[in-house]
Every structure is written in C-alpha cells, then in structure tokens.
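# Turn this into a model:
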Amino acid sequence: EVDPRILIEAKKRLLADPAFGLGDTYLERKQALFGCAASDTECEGGGGLTITVTVNYEQQQEANRMLRSWFRYEDGPTGAIAMIENETGAIRVISSGLDYGTDFEAGERTYDLAVEGRRQAGSAFKAVALVSALENGSQYGWPITLGSYWDQTSPQKIDCGFPCSPQGNIWTVSNAGGGGSGVITLEQATYTSKNTVYAQVSLATGPEQIVETAHKIGIESPLSPVLSIALGTQPVTPLEMAAAYSTIANFGEKADAYLIESIVDADGNVLYEHETTRTRVLDEALTAAVVRTLEKVPRSGGTAPRANIGRPQFGKTGTAQNFRDVWFVGAIPQYTTAVWVGHADAQIEMVGFNVYNERAASDQYIARAYGGTVAGPVWHDFMTYMTEDLPVVEWPTAPEGTDAFFRVPKTEVPDVSGMAEREAKDAIFKAGLRAKIEMVASVEPEGTFLEQSPGAGASINQGNIVTVRYSSGVPPQLIDLRGLTLEDMAGV
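Residues are numbered from 1 along each chain as shown. Here you go, the predicted model:
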C-alpha cells in the first residue's frame, strides 16, 4: 500500500505542472487525473491513469519504521528522512515519523515533514555558504579558499556596516560549546563547524550570493538575504537539503529531483516518461574540494563521527538555535540522505528527553540535542540498512585544479603600532595571521608598543606569525664592566 502522503504529493505535482502532458490548465489536468464529476453528464474522458512514482516501497517502509522506533515517546521529538538517487535525481524516500491522519491527539498529521516541513537547517547550510564563497570570492576583491585563515574568536562582535541585529550594526556570534581564540583555516572551520568564521564568510561573500547559490543547486524555498543565512536561519525542507547536497555529490552536476516516473492511460498509451538530464551548475574542481572537506565531518575530529558508516561518504551536521531543530545531511556516491529531527508543530527546545537507540537497543537520554548526536546516528542506521547489499563506490578522482581551492592566500601585515595588546591581536587575527606577544625589558612604561615583526605592510601568507613586542616596564639590567679587561668583557 502506497503511503497516503506520497499519493498526495504526486497529485499536487501533477495538478500544478503542465509538463506531465495532462493538460494546459488546472481543470484539464484535474479531469485527466480524476475523470469527470458524476454530476457533469456532458463531460467525457479522463481517469484510468497508471502513475508510477520513484519512491522505493521497502526503503520507505524501513525509514518509517526506524523513525517511529527512535522517536517513540509521547511529547518527544519526531523526525523525517528524504533520500535522492544521485545519478538520476529520483526521490527514493520521503518519510515522516508520524502517521498520516487527522487525529492529532493520536500523533497523526495531514502533512509530510520530509516535503513540507520547512525548518532552520542550522550549520548544515554552511555547505551551501561554502560553495558560494569558493565560487564568488570576497565582494571586497580578495580570494576565499579552504586554505584561507579566519578569526575563530568566540564570542565575536562583527561590524556589519549596516543594521543587522537588535544591537544595530554589531552582530554578536558565538561558537557552539563556548569560547575560542586565534585563527583557523576555512577547511577546519567547516568540519568543526565554527559559527564565528561562517558569520565572517557570509559578510565577505554577501548573503545575496549565498541565496543565488542555494537556488542554483536545489533549494526551492524563498530565502531572505540576511547575514545569518550562512548559519542556517532560513527555513528549508529535508527534501530540498537532500537535493542541494546531491548536486555536491555529483561534483557540480544537478539532476533535478523528481517523483513522477511515468504516466500511462487506460489504453496503454504512454503520456509521460521522465528523462533524466544533468546540468553542470558548479565547477567540478570546486565541488571536489568541498567533498574532500565534508568527508572529514563524520570522522574523528569532525562533528559527526557517530554518522560514520565505514565507506566513502561526506556530510554536515546542523543544530538550529536553542536546539530546536537538528540535522545530518550526507551522501555516498550513490545516494544523498537528509535527516531532520524536531517537533512537528512548533520549534521547541529539545533538552532533557529520551530516544530509543536501536544500535544499543536501549533508551538514550539526550541532555541537549545536536545534529551530530541525534540526527547523525539516525542517518548512520538508515544508511547502514541502505548499503547492506550496495557495492562500495569511491568518489571520482579529483580533477586538475582542485588543489587550488586549498591554497593559502597572501595577506598584508596590519600596522598595530600604538595599539594595546587586545586590539593588536584582533587586527592580526582579522588579517588571517597568528599573533605572538612578547614582553621586553624596556625603560618605557609597561604596555608601551615597541615594535612588530614582520613590519606593517609586508605581504606574507596567511597563517604566519606576527610578533608584537611591548615594554614590560622593567628596565634592562645593567652590567658593571668596571675593572674588567677586554678579554674579560668578551666573555660577558
């Protein structure tokens, strides 16, 4: 039996789009699909169609079962799984953790969370921002690479140059888990998911460019070009996130996600048959670099080792503000799968609740929900099922030019003369450089700037050290040379 939500989604698509050959107008398509109304005695034709959809029944059933098993407790969260076949764009799974129906008290819902559940994607959207940054560079004219260095200080006050927060032009951003200081490469900031870095990336790239990239690779929801878009504050669906990541998995070729495979009328005439076309929307080397980076997320040192299934894969975690929605979106060469976990009817903080961990076959208490600790394990379990009899396929060899996206750019050493230590560090970090502070014996008052090395204006690779020397306030020790011979002084 086909899931009612799949029937509803198929009907919605057929009625909305004349491309399926059922008529140019809505009324024509409605008649072709359902036939004539019983009360219309003059109407002829319509109905009797055989419509084949792409959803795999067994995989859909397993996704449904798994979500209901993991999220079985009343008042707890639920989930959704959307999976796309990368080669064709065929939608194989659109699963919701709730049964279809109108009895809300019994946990039923009339909508599909995988297709209609628009929620904040959190850091899972950083992959989209990364693609946009590598493709467009900085709007101020300097390059952005995965080897570029960024200030990871947390919390960090970012001057937007325009009103961007309740505080006016200043946007205060923090990393998950607290503080931090110094610089980090964009590659490291991606697989460790540094919010402060991606806030700067959004400002440098421009949120309008990120919106354009999102729509180009598979996001269809309307998106506001706000700076926080890089941190996933704009609502999207699991199916859209699967589609966007599938374009990355295809190394920049987009195969439009589709649900309707074919339509045959009552006489056996084929009215519609889907033909897959793949369109290059991103540079191949660029997306190869993104895949190489996102491969580190489900490994030790990344944010989702619990999603590791022991074969070529990549992905990204997402945790919306106040733990209200959590995600893991990931891919293997054959499939891309998005897992969302949250509450069905509202964004409710997911703190202090239980899930049923199928791997451990026991309840698991979740103090605070994160993409890597809740959605990641669900992704792991579903994709372990999916790959039981699936051959291991490696990612394609990275094309020539991929390494260029990991190059370390040059930067200009800032002039920190006259700056206090904290101010000097901030200026050095903003230039993508490391700061080393030395206190030197001097007759100058304590904290007085003495010198910097390299000097202001020097062009060096990002990530290098700038040493700044300040007076310790302690005069240099004088050595009494009276009564010593030249030979004695040579040994002093």
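# For the rest of this, base every contact and every neighbour count on C-alpha atoms.
Noted.
# Identify the residues contacting the residue nearest the centre of the chain.
Centroid check for the chain by CA atoms, centre = their mean gives residue 124 as the closest residue, at 2.3 Å. By CA atoms under 8 Å, 6 or more residues apart in numbering, residue 124 lies in contact with 232, 316-319, 327-329.
# On the three-state scheme, the residue lying closest to it once chain neighbours are set aside is what?
Closest residue in space to residue 124, ignoring its immediate chain neighbours: residue 318 at 4.3 Å, by CA to CA, 6 or more residues apart in numbering. When classified by DSSP: H, G, I helix; E, B strand; the rest coil, residue 318 comes out as strand.
# hey, what's residue 467 bridged with?
residue 436, residue 453 (DSSP bridges).
# how near is it to residue 449?
Separation of residue 467 from residue 449 (CA to CA, to the nearest Å) stands at 11 Å.
# Also residue 254?
Going from residue 254 to residue 449 by CA to CA gives 55 Å.
# And for residue 387?
Per CA to CA, residue 387 is found 61 Å from residue 449.
# So for these two, which residue has more residues nearby?
More crowded of residue 387 and residue 449, by other CA atoms under 10 Å: residue 449, with 22 against 15.
# pretty sure that one contacts residue 469?
Yes. In this structure, residue 449 is within contact of residue 469 by CA atoms under 8 Å, at 6.4 Å.
# shared neighbours of those two, anything?
Counting by CA under 8 Å, 6+ apart, residue 449 and residue 469 have no shared contacts at all.
# Tell me how far residue 197 lies from residue 423.
19 Å.
# Disregarding residues adjacent in the polypeptide, which is nearest to residue 48?
Leaving aside its chain neighbours, residue 48 sits nearest to residue 266 (5.1 Å; criterion: CA to CA, 6+ apart).
# Show the model's pLDDT score for the one you found.
On the pLDDT scale, residue 266 is placed at 91.
# Okay, and the beta partners of the residue nearest to residue 124?
When assigned by DSSP bridges, residue 318 has beta-bridge partners residue 327.
# number of nearby residues for it?
Applying other CA under 10 Å, I find that residue 318 has 29 neighbouring residues.
# Tell me how far it lies from residue 384.
Distance from residue 318 to residue 384, counting by CA to CA: 21 Å.
# coming back round to it: and residue 197 and residue 423? Which one has more around it.
Higher neighbour count among residue 197 and residue 423: residue 197, with 26 against 12, using other CA under 10 Å.
# which residues touch the spatially closest residue to residue 468 that is not a sequence neighbour?
Take residue 468 and drop its neighbours on the chain: the residue closest to it by CA to CA, 6+ apart is residue 452, 4.4 Å away. By CA under 8 Å, 6+ apart, residue 452 lies in contact with 416-417, 466-469.
# go with 7 Å
Counting by CA atoms under 7 Å, 6 or more residues apart in numbering, residue 452 makes contact with 466-469.
# now residue 192
302-303.
# For it, give me phi and psi.
When read as degrees, to the nearest 10, the backbone of residue 192 gives phi -100, psi 0.
# Per-residue confidence, it, what does it come out as?
Looking at residue 192, its pLDDT reads 96.
# Look up how far residue 353 lies from it.
Distance, residue 192 to residue 353, by CA to CA: 25 Å.
# Could I get the full set of helices for the chain?
Counting by DSSP state H, residue ranges of the helices within the chain are 4-16, 26-34, 57-70, 113-116, 126-136, 186-191, 195-205, 207-217, 238-249, 284-294, 376-386, 421-430, 486-490.
# what's the most buried one of the ones you listed?
Stretch with highest mean neighbour count among the helices of the chain: helix 238-249 (a mean of 30; mean count of other CA atoms under 10 Å).
# what's the average pLDDT for it?
Helix 238-249 comes out with an average pLDDT of 98.
# same question, stretch 285-295
Confidence for stretch 285-295, expressed as mean pLDDT, is 98.
# what does stretch 311-319 give?
On average, stretch 311-319 scores 97.
# And the contacts of that stretch?
121-124, 291, 294-295, 297-298, 303-304, 325-332, 370-372, 392, 394-395.
# what bridges to residue 94?
Beta bridges link residue 94 to residue 82, judged by DSSP bridges.
# is it true that it touches residue 114?
Yes. Judged on CA atoms under 7 Å, residue 94 makes contact with residue 114 at a distance of 5.5 Å.
# Next one: residue 309 from residue 386, what distance?
To residue 386, residue 309 is 11 Å away according to CA to CA.
# Over to residue 235?
Counting by CA to CA - residue 235 and residue 386 are separated by 28 Å.
# and what of residue 5?
Distance, residue 5 to residue 386, by CA to CA: 22 Å.
# again with residue 75
Distance, residue 75 to residue 386, by CA to CA: 29 Å.
# With residue 70 instead?
Distance, residue 70 to residue 386, by CA to CA: 17 Å.
# same thing with residue 310?
From residue 310 across to residue 386, the span is 13 Å (CA to CA).
# can you check residue 283 too?
Counting by CA to CA, the gap from residue 283 to residue 386 is 29 Å.
# again, but for residue 262
25 Å.
# picking that back up, who touches both of residue 94 and residue 114?
Shared contacts of residue 94 and residue 114, counting by CA under 7 Å, 6+ apart, come down to 81-82.
# what about the residue nearest to residue 392 when sequence neighbours are not counted, how many residues close to it?
On the basis of CA to CA, 6+ apart, the spatially nearest residue to residue 392 that is not a chain neighbour turns out to be residue 311, at 6.7 Å. Residues lying near residue 311 (other CA under 10 Å) number 13.
# Then residue 100?
Look at residue 100: counted by other CA under 10 Å, it has 17 neighbours.
# bridging residues for it?
residue 109.
# I'd guessed it sits against residue 109; true?
Yes. Assessed by CA under 7 Å, residue 100 is found in contact with residue 109 at 5.2 Å.
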